[in-house]
Structure formats: structure tokens, C-alpha cells
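In: here is my input, please return the structure:
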Amino acid sequence: MNTVGKAVVTILLGLAGIALPSLTSAVYFGTFLGLVAWWVYLRSLRLLLFSTLCVMMAIFSASHLLVLYLYQLPLAQKIVPPQDIYARLFGMTAVIQTNKAEPYSLGVHADVSWPVFTNPIVLLLLYYTLVALLHKWVHITEEQDTLVKCESPVENPENPPSFSKILFISGDTLELLTSTDEETYMPDERVHEPSVFLVSSSWDDLRVKEVGSLLGAPGAGYPNSYPPPLYEGVDISTSHGSEKVTERSEVEESWIRVSMNATETDPTPPGPSGLTVFGLFVMKHSYVSALIVMMVWSITYNSWLTFALLVWSCVIWMMRDRRRYAMMSAPFLALYGTMLLLLSFLSGLRLRREELYPGLPHAVLVDFDMAAYPAPCVHLGSKVFYTFSFWLLLRQQLKERREEQEFKESGESLDEVKTLPRMDSGLLYSICTVIPSRTA
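Out: So this is what the prediction gives:
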């Protein structure tokens, strides 16, 4: 559910950025490009960081909606006229027009296009989605915190505490050999940390009694410690060797029987869904879609910049190993497509040609696809879709490179594996749990 929420927020940020290009919507569009780039490079944002980003975007979108609402007042339009360069640059669109002779009647400006109406709707949808997801994620976090508190050893004494140290004791000298924190562990009466003592069960009864006395000694620092048996129904203090062997074999048989029953009763993990399989198929053959998009983009938007994509695609199609060359071109395609996308966003600003590109003739702008469109959001949406195929190709290339590197590292680690001598099957371990004394 968190992944779906992140995807929905990313898509809505992209829609809010291209609905009406301006410096204000550039914040949404830049955030959208940043999230997509983070996803392309096989990285994921933690829920806390993404929630913080959602809070910031919610505040920004709410402020944007409030400013658009206040700009519909006659006083605001009088201070900053709708045709002013700053109003057009920051996306302040005036929809409602009032008449001084008839102030009670409301009208609509004559030069208002449909993207001006869709922009507040997309912003409102983005704000509502951000608030709803934040509300849901807060409840999920509270439930997880409550569950952790209920499962803590202080709240629920029936559950054993989590062990912070594992101590290994020699069976011959009863001396502390090593600790998991690579430090000599000395019991401290002020610090009650749960620990696990690993003791060899091949000791005789005298040694087991000595371990019990060692843990329960008054000066040892573990007044409430006790060595429990490894398996239920097995007496560690049995003094007859034959009974030890019999009980050990019975315990091993029962343990194997329980393990086999648990394996038989475990449900088989569900396989991947059809949507996941389709997504993996598209990712695997993303080079085909990228090559097709390169040709479609050059045909849809005729310019010298897209002509390079057409030539590039034709050259790769003529190669025998076209997948390899397409994967090699993935970083350049993603960078080139993003550059064309940013150039189209810049051309979609509500500015006149002499304000945006002073000194450049209109023919040059048309040849390089830099001329303004009546509805730039439609063209920006199609170009985002085209560029997404290049991003997908780059992600697949990085994923395959990572898998190949992991495979090489695993192969090297397998080559370094050495055969260890077989351990004695009669050597068992008993776990002595040290329970810290609880203070009232």
C-alpha cells in the first residue's frame, strides 16, 4: 500500500507540474523529476522521508490554492493585472472578471483556456491525496508503536527479553572466552542487560552444576539467573551416561518429527501476480519500446533535435546485437530525453516570444521545437510518456549491472569456501538464559 501511495503522489506531482507551466508549477515538476530519478537509480525513500516531503508539498499546494483564490478578487487583479509579466510568470491566472457598472454580476475573462480551469482541480486533488495518505501513514505508525510496546518485555513479562549479548564459556575452565560485542563482559549491578550463555552439553554433571552455581552465585551479579534445559522433559542433571544417550536420541527424533510436521504444514508462498509478471516482461524488453519511442517522437514532433533520435534509432535497429547497443545508449537517451523535456517546459511558460527568446526568429524556434503551443500540457504529457521509456531502459541497465556484480561477488565468495572438519554429532548446546532482575 505504501508503494502504491508513493506512485500516486509522484504521478499527481507530475500532473500538477505540467498542467500550467510556470515558476510555481516548476516546484511540482522538479520534485516529480527528482522522485523518478531516485527510482531509476534503484533507490527508495524511507517512509519517514517521503512523509516529510508530502508534508512540504501539502503546505505548498495549499498555499498555491489560497493565492489563486485570492487572486480572483478585484483588488488583487487591480494590483497585479492578469497580463503582467510577473502574473504570467508565476502562474497567477484570473478566471473571474467583475464589472464596475454591475459589481454584483460575475464574468469570465475572454482569453481563458481550459488548462486554466484544470490547474486548480489538479492542485486540489494533489492536496487531498497528500493529506489522506499522511493521515493513513500516521495511523499505521501509531499501530506499529503500540504493537512494539505491547510486545516489549517490560509490558509483557511472559515474553523473554531480547538478548543483547551472547557469551561463550569454555567447558574446561569455566572462563569467559569472547562476547558478541568484542569486549570483555563484566556484570554490572546497575545495568541489567539480557544475555545468552552458550555452554557445551558434553560436560559432565559436575560441570553443569558448576555453571549453575556460577550463574547463581551471590557475587556473580546474576541473582535471578537460572540455566533452563534445552528441551522440555530432558533432565540435564542426569548422572547416567546411557540415559543421556537415550534421552538425547529421543529428543533428536522428536525434534526431527516436529520439524517435518512444521515443513509439511507451512503454506506455500504465493507466486507473483499477473501485473508483476507483465511489469517484468516490459522491463526485460524495454529496449524495444525505447527504440520505437525514438522513432515515434521524431515523427510526432518534427525538429532537428528529434531528427537525432530518428537517426540514432535506425542505426541501432541495423545492429545485430541491438539489445546490447540500446543498453549502452540508455544513459545518453535518458539525459537527452530529459533535456528535451525541460526545454519543452521552458517553452510552455506563458511568456511571449520576445520575452522568452529575444532575438531568435520564429522559424528557428519551430525548427528546434521551441515554439509555444496553445495547450502545452498535452504536449508535455506526451513527451513525459516518451521520456519514461528512456528512464525505464536506464533502470533496466542499472538493474542488470547490479545483478551481474552480485553474481560475480557470490562466485568469488564460493571459490573461497573451504571444507571445515566435521564436528562431533554428540556435541549439543544448551542455552542458559540470564534474566535481569526487575526493579519495581
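
In: can you pull out the helices in the stretch 201-350 of the chain?
Out: In the stretch 201-350 of the chain, the helices defined using DSSP state H, counting those that start in this stretch lie at 205-216, 241-265, 274-284, 286-300, 304-318, 322-328, 330-347.

In: now the shortest one: mean pLDDT?
Out: The predicted model assigns helix 322-328 a mean pLDDT of 93.

In: just checking, what packs against it?
Out: Contact partners of helix 322-328 among helices and strands, from 3 or more Cβ pairs under 8 Å, 6 or more residues apart in numbering; DSSP states H and E: helix 286-300, helix 304-318, helix 376-415. (C-beta placed from N, C-alpha, C; glycine too.)

In: quick one, which of those helices gets closest to Glu354.
Out: helix 376-415 (18.1 Å; Cβ to Cβ).

In: returning to what we had before: among the helices and strands packed on helix 322-328, which comes closest to Asn99?
Out: Per Cβ to Cβ, nearest to Asn99 of the helices and strands packed on helix 322-328: helix 376-415, 30.4 Å.

In: that closest one: which residues count as buried?
Out: Neighbour-count burial for helix 376-415, counted by 16 or more other Cβ atoms under 10 Å, picks out 376-377, 379-380, 383-384, 386-397.

In: kindly report the same for stretch 9-26.
Out: Those would be 9-10, 12-22, 24-26, for stretch 9-26 by 16+ other Cβ under 10 Å.

In: outline the domain layout of the protein.
Out: When the chain is parsed with automatic domain parsing, its domains come out as 2-150, 165-264+425-434, 275-410.

In: and those domains, which one is worst for confidence?
Out: domain 165-264+425-434 (a mean of 47).

In: can you tell me the distance between the two ends of stretch 39-53?
Out: 15 Å (Cα to Cα, to the nearest Å).

In: before we move on, back to that, wait, which of the helices and strands packed on helix 322-328 is closest to Leu66?
Out: helix 376-415 (22.4 Å).

In: which helices and strands sit right next to that closest one?
Out: Counting contacts by 3+ Cβ pairs under 8 Å, 6+ apart, helix 376-415 packs against helix 2-18, helix 25-40, helix 114-150, helix 274-284, helix 286-300, helix 322-328, helix 330-347.

In: list the buried ones in the third one?
Out: Read that as helix 114-150. Using 16+ other Cβ under 10 Å as the test for burial, helix 114-150 gives Pro115, Val116, Asn119, Pro120, Val122, Leu123, Leu126, Tyr127, Thr129, Leu130, Leu133, Trp137.

In: kindly report the same for the last one.
Out: For helix 330-347, a neighbour-count test (16+ other Cβ under 10 Å) marks Ala330, Leu333, Ala334, Tyr336, Gly337, Thr338, Leu340, Leu341, Ser344, Phe345, Ser347 as buried.

In: okay, now the residue nearest to Leu106 when sequence neighbours are not counted: neighbour count?
Out: Nearest non-adjacent residue to Leu106, counting by Cβ to Cβ, 6 or more residues apart in numbering: Ile96, 5.5 Å away. Each residue near Ile96 was counted by other Cβ atoms under 10 Å, and the total is 14.

In: quick one: Ile96 from Arg88, how far?
Out: Per Cβ to Cβ, to the nearest Å, Ile96 is found 17 Å from Arg88.

In: ok, now Trp114?
Out: Trp114 is 17 Å from Arg88, by Cβ to Cβ.

In: now swap in Leu123 and tell me
Out: If you go by Cβ to Cβ, the gap between Leu123 and Arg88 works out to 18 Å.

In: ditto for Leu342
Out: 19 Å.

In: over to Phe307?
Out: 32 Å.

In: more crowded one of the two?
Out: The residue with more neighbours, out of Phe307 and Arg88, is Arg88; 17 against 12, by other Cβ under 10 Å.

In: what sits closest to Phe117 if chain neighbours are left out?
Out: In space, and not counting its chain neighbours, Phe117 is closest to Val95: 7.2 Å by Cβ to Cβ, 6+ apart.

In: surely the one you found meets Asn119?
Out: No: with contacts counted by Cβ atoms under 8 Å, Val95 stays clear of Asn119, the gap being 10.0 Å.

In: ok, back up a step: now distance to His64 too, for the helices and strands packed on helix 376-415, in JSON lines please.
Out: JSON lines is the format used below for those (distance: least, Cβ to Cβ, whole Å):
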{"stretch": "helix 2-18", "distance to His64": "9"}
{"stretch": "helix 25-40", "distance to His64": "9"}
{"stretch": "helix 114-150", "distance to His64": "6"}
{"stretch": "helix 274-284", "distance to His64": "34"}
{"stretch": "helix 286-300", "distance to His64": "31"}
{"stretch": "helix 322-328", "distance to His64": "40"}
{"stretch": "helix 330-347", "distance to His64": "17"}
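
In: closest one to Arg46 among these?
Out: Across the helices and strands packed on helix 376-415, the minimum distance to Arg46, taken as Cβ to Cβ, is reached by helix 2-18, at 10.1 Å.

In: what's that closest one packed up against?
Out: Packed next to helix 2-18, using 3+ Cβ pairs under 8 Å, 6+ apart, are helix 25-40, helix 47-71, helix 114-150, helix 376-415.

In: could you check the angle it makes with helix 114-150?
Out: Going by axes from the mean of the first three to the mean of the last three Cα atoms, to 10 degrees, helix 2-18 is angled at 150 degrees with respect to helix 114-150.

In: circling back to that earlier point, tell me the one of the buried residues of helix 330-347 nearest Gln72?
Out: Using Cβ to Cβ, Phe345 is the member of these that lies nearest Gln72, at 25.9 Å.

In: residues touching the residue nearest to the closest one when sequence neighbours are not counted, list them.
Out: Spatial nearest neighbour of Phe345, excluding adjacent residues (Cβ to Cβ, 6+ apart): Pro21 at 5.4 Å. Applying Cβ atoms under 8 Å, 6 or more residues apart in numbering to Pro21 gives the contacts Phe29, Gly91, Phe345, Gly348, Leu349, Arg350, Pro376, Cys377, Leu380.

In: reformat those as JSON lines; add distance to Trp38.
Out: Converted to JSON lines, the contacts of Pro21 look like this (distance: Cβ to Cβ, whole Å):
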{"residue": "Phe29", "distance to Trp38": "15"}
{"residue": "Gly91", "distance to Trp38": "26"}
{"residue": "Phe345", "distance to Trp38": "19"}
{"residue": "Gly348", "distance to Trp38": "25"}
{"residue": "Leu349", "distance to Trp38": "26"}
{"residue": "Arg350", "distance to Trp38": "30"}
{"residue": "Pro376", "distance to Trp38": "26"}
{"residue": "Cys377", "distance to Trp38": "24"}
{"residue": "Leu380", "distance to Trp38": "21"}
